[in-house]
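Asks: just coords:
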């Protein structure tokens, strides 16, 4: 695995700096602004994208450290070991969430009356086997997962917007939602349920991963990009 020429192993990830984020991802961490009292001077201040850059750095450092703790040289070694234990997409998702919780644990407590449910969404964790299956299954048999039907809709803020546009979901058009709030969890969870029902209506012609990709691509078309979708400060999508 490489990142613009750098070997993406555990050691590289542990030492990944904020300047590396800026260089590799072209995310400005500082911007020049006018000095508040001297109009001929400019000063540097953190850009609005600095928090995103800090998260990328944190995620890289933490993933590298966790890989080292498990004696994996890189992420590929972790994936290989996971699939040797159980060669399924579901197992890989479980292992990703267990080993890298701050990056992949996309679950929420949801109260129903006096009961509290644990709602599992796990968009990013499921995206790993989906991407491996889609891009590499013809090259590596290990990624031809036998249980792709276990993958759900990868609920973010694009798919719900497309489902609302087509009347599949009926709700007030959301704007800004807090991560883990009742409305945000419900909206994403209902997108997953709607996806399951659409797949059932096709009598197996498509699975949820294929449907999700079709909805996501549709959501990137100009007609849909101009529609309002909810904004949430989150690292999960």
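Replies: Noted; the coordinates are in hand. What you are looking at is a predicted structure, and each value in this text was computed from that prediction instead of being measured.
Asks: make it CA atoms for all contacts and neighbour counts henceforth
Replies: Fine.
Asks: okay, helices next: where are they in this protein?
Replies: Using DSSP state H, the helices of the chain run over 10-14, 18-25, 50-69, 75-85, 89-99, 101-104, 123-136, 158-165, 182-201, 208-219, 222-225.
Asks: show me the contacts for residue 27.
Replies: 21, 49-50, 53 (C-alpha atoms under 8 Å, 6 or more residues apart in numbering).
Asks: so for the residue nearest the centre of the chain, what's the pLDDT?
Replies: The C-alpha lying nearest the average C-alpha coordinate of the chain belongs to residue 124 (C-alpha atoms, centre = their mean; 3.3 Å). If you check residue 124, the pLDDT there is 97.
Asks: residue 80 and residue 134: what is the separation?
Replies: 17 Å (C-alpha to C-alpha, to the nearest Å).
Asks: swap in residue 232?
Replies: 28 Å.
Asks: now swap in residue 108 and tell me
Replies: Note on residue 108: its distance to residue 134, by C-alpha to C-alpha, is 28 Å.
Asks: same question for residue 9.
Replies: Taking C-alpha to C-alpha, one finds residue 9 at 23 Å from residue 134.
Asks: worst mean pLDDT across the helices and strands of the chain, which element?
Replies: Least confident helix or strand of the chain, by mean pLDDT, DSSP states H and E, is strand 2-3 with a mean of 54.
Asks: name the stretch among the helices of the chain that sits most buried.
Replies: helix 158-165 (a mean of 22; mean count of other C-alpha atoms under 10 Å).
Asks: from the chain's centre, how far out does that one sit?
Replies: When distances are taken as C-alpha atoms, centre = their mean, to the nearest Å, helix 158-165 is centred 17 Å away from the chain's centroid.
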